[in-house]
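Participant: model the structure of this input:
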Amino acid sequence: MNFKDRRSFLKLSSLAGISLASGNALAFKESNSDKKKLESLIHQNTQNFNMCGYAAPKLNKVRVGIIGLGMRGPGAVQRLSYIEGVDIKGLCDLRPNQVEKSLQLLNGTPHKPKLYSGDDEAWKKMVDQEDLDLVYICTPWEWHTPMAIYAMEAGKHVAVEVPAAKTLEECWQLVETSERTKKHCMMLENCCYDFFELMTLNMARQGFFGEIIHGEGAYIHNLVDLNFNKNGYEDMWRLKENANRNGNLYPMHGLGPICQIMDINRGDQMDYLSSISSGDFNMHDRAVELASTDPFFTPYRNDNFRGNMNTTIVKTKKGKSIMIQHDVSSPRPYSRIHLVSGSKAFARKWPEPKISTSHSYMDEPEMKKLEEQYTPEIVKKVGELAKKVGGHGGMDFIMDWRLIDCLRNGLPLDQDVYDAALWSAISPLSEQSVANRAQSMDIPDFTRGSWETNQPVILSLEGAGTTNVLLKE
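Facilitator: Just a heads-up that it's a prediction; the model follows:
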């Protein structure tokens with residue numbers, strides 16, 4: 001499908017949802033006509049190259065350039081410096097002081113990166129001028145897709161922070177660029193590498209849960225104070241994301257691990273979703289309160305902030321269900337839920353890890369036995385070191401180590417561009433559903449049918465695990 005057709009496809013997809021929601025006869029007639037055009041465009045679309053399971057040529061040395069050194073970037077700089085076979089060649093941020101601060105993190109290491117900053121095009125200069133194998137992107141959301149595409153077009157693999165894209169069009173751009181260039185585009189979904197999530201993935205692979213029936217994930221994290229902090233996110237960009245967008249804006253942390261367990265994109269596929277949001281009972285009030293004493297916040301009084309809680313339900317092609325929630329403005333304890341419900345067993349992480357094979361939860365000794373039996377190889381290899389390095393308890397380091405180890409050994413990545421696109425697509429689709437009274441929205445198949453034969457994610461160290469950690473135990 002060419003770019004013009006893709007734009008037509010997305011336009012028709014949106015119109016179809018709106019027409020169905022309006023409920024009048026004319027709209028229904030138009031939606032039927034649009035449906036035929038939409039089906040025609042879909043059937044023209046074939047996969048150029050399957051990036052699921054793709055093993056790029058081995059890289060003995062992975063030369064890395066990092067863009068974005070605000071909230072997340074400095075942590076990535078430090079973590080990558082502990083991994084054998086990494087050469088940090090470039091550091092880039094709009095703000096020179098952030099680049100200098102990150103450079104100091106490399107004192108005493110062999111890394112001597114060139115520094116890029118000072119203007120909006122600095123990142124392009126780094127990509128163009130440095131001999132890089134991997135571009136690691138930690139910028140505000142709006143830059144993720146443009147930077148990832150530019151880097152892949154320049155012949156670099158990409159690791160991009162969540163979400164990888166903000167619109168369906170951007171999701172397709174990532175897929176088509178990765179397929180055409182044969183460059184990896186991995187979304188840095190660190191929660192796939194948290195310890196309980198890895199254990200339950202291993203349990204699922206060994207049949208502990210039986211047939212997986214239902215999964216739940218969430219991002220419930222009170223960010224009101226941080227979002228309204230003028231010294232928090234640069235130019236208040238995250239607050240602006242939560243203004244005038246109403247949907248599940250950040251589904252990936254809860255969704256990613258569940259998708260891997262349920263073999264989404266690799267044996268099953270999302271079919272459609274429906275989404276609702278509560279009203280906003282916190283954000284606008286905070287904007288009004290702050291504006292009463294600080295004129296800086298006066299413009300925010302006019303924003304339509306997203307509802308406190310969004311709940312999105314997904315049905316899969318094989319009849320399974322997923323619930324994803326998003327709430328960053330209520331005074332609730334942090335939770336990603338991580339619930340796995342199967343025909344033989346059940347697991348839930350929050351508020352505390354629990355597993356059941358009957359009507360009651362296992363006691364602590366039973367849980368300990370399961371942990372000993374199902375802790376995966378990757379955790380045994382670097383888990384304790386990861387906890388020492390840190391990064392959300394160690395999961396960030398496991399993610400980075402696994403990425404580098406796969407690139408160095410010429411192995412497929414655990415997360416590919418189809419995962420990046422699909423998990424990111426939930427946001428714009430949920431916005432459309434919320435705007436149309438929870439109208440169900442068809443979810444694009446970014447694998448274009450290859451999900452039926454793609455192999456599930458198995459975190460084996462066969463042919464891998466050769467990369468050392470440059471940290472004293």
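
Participant: report how many residues lie close to Asp400.
Facilitator: Here the count is done by other Cβ atoms under 10 Å, and Asp400 has 26 residues near it. (C-beta placed from N, C-alpha, C; glycine too.)

Participant: give me the element it is part of.
Facilitator: Counting by DSSP states H and E, the element that carries Asp400 is helix 395-409.

Participant: list the buried residues in that helix.
Facilitator: Going by neighbour count (16 or more other Cβ atoms under 10 Å), the buried part of helix 395-409 is 395-409.

Participant: any idea which of these is closest to Tyr300?
Facilitator: Asp396 (31.3 Å; Cβ to Cβ).

Participant: confirm Lys89 sits in a strand?
Facilitator: Yes: under DSSP: H, G, I helix; E, B strand; the rest coil, Lys89 sits within a strand.

Participant: ok, it touching Leu134?
Facilitator: No: using Cβ atoms under 8 Å, Lys89 is not in contact with Leu134; the gap is 9.7 Å.

Participant: those two: who's more crowded?
Facilitator: Each of Lys89 and Leu134 has its neighbours counted (other Cβ under 10 Å); Leu134 has more, 24 against 21.

Participant: please state the backbone phi and psi of that one?
Facilitator: Phi and psi for Leu134, reported as degrees, to the nearest 10, are phi -140, psi 130.

Participant: do the same with Thr357
Facilitator: With angles defined as degrees, to the nearest 10, Thr357 sits at phi -120, psi 10.

Participant: what's around the residue nearest to it when sequence neighbours are not counted, how many residues?
Facilitator: What sits nearest to Thr357 in space, not counting adjacent residues and going by Cβ to Cβ, 6 or more residues apart in numbering, is Ala345, at 4.7 Å. As a burial measure, Ala345 scores 21 neighbours (other Cβ under 10 Å).

Participant: ranges for the helices of the stretch 301-450 of the chain?
Facilitator: Applying DSSP state H, counting those that start in this stretch to the stretch 301-450 of the chain gives helices spanning 364-374, 377-389, 395-409, 417-435.

Participant: buried residues in the shortest one?
Facilitator: Pointing back at helix 364-374 there. 370, 374.

Participant: now for that helix, which elements pack on it?
Facilitator: For helix 364-374, the elements it packs on are helix 195-205, strand 354-356, judged by 3 or more Cβ pairs under 8 Å, 6 or more residues apart in numbering; DSSP states H and E.

Participant: again with the last one
Facilitator: With contacts taken as 3+ Cβ pairs under 8 Å, 6+ apart, helix 417-435 sits against helix 3-22, helix 168-181, strand 185-187, helix 252-261, strand 270-277, strand 310-316, strand 441-442.

Participant: try 6 Å this time
Facilitator: With contacts defined as 3 or more Cβ pairs under 6 Å, 6 or more residues apart in numbering; DSSP states H and E, helix 417-435 has these neighbours: helix 168-181, strand 185-187, helix 252-261, strand 270-277, strand 441-442.

Participant: tilt between the fourth one and strand 310-316?
Facilitator: Computed by axes from the mean of the first three to the mean of the last three Cα atoms, to 10 degrees, the angle separating strand 270-277 from strand 310-316 equals 160 degrees.

Participant: residues near the closest residue to Thr447 other than its chain neighbours, how many?
Facilitator: Leaving out its chain neighbours, the residue that sits closest to Thr447 by Cβ to Cβ, 6+ apart is Tyr418, at 5.0 Å. Tyr418 has 29 neighbouring residues, counting by other Cβ under 10 Å.

Participant: which ones are touching Tyr418?
Facilitator: Neighbour list for Tyr418: 265, 446-447 [criterion: Cβ atoms under 6 Å, 6 or more residues apart in numbering].

Participant: for Ile324, name its beta-bridge partners.
Facilitator: For Ile324, the beta-bridge assignment (DSSP bridges) gives partners Gly217, Thr312.

Participant: what separation is there between it and Leu339?
Facilitator: To Leu339, Ile324 is 11 Å away according to Cβ to Cβ, to the nearest Å.
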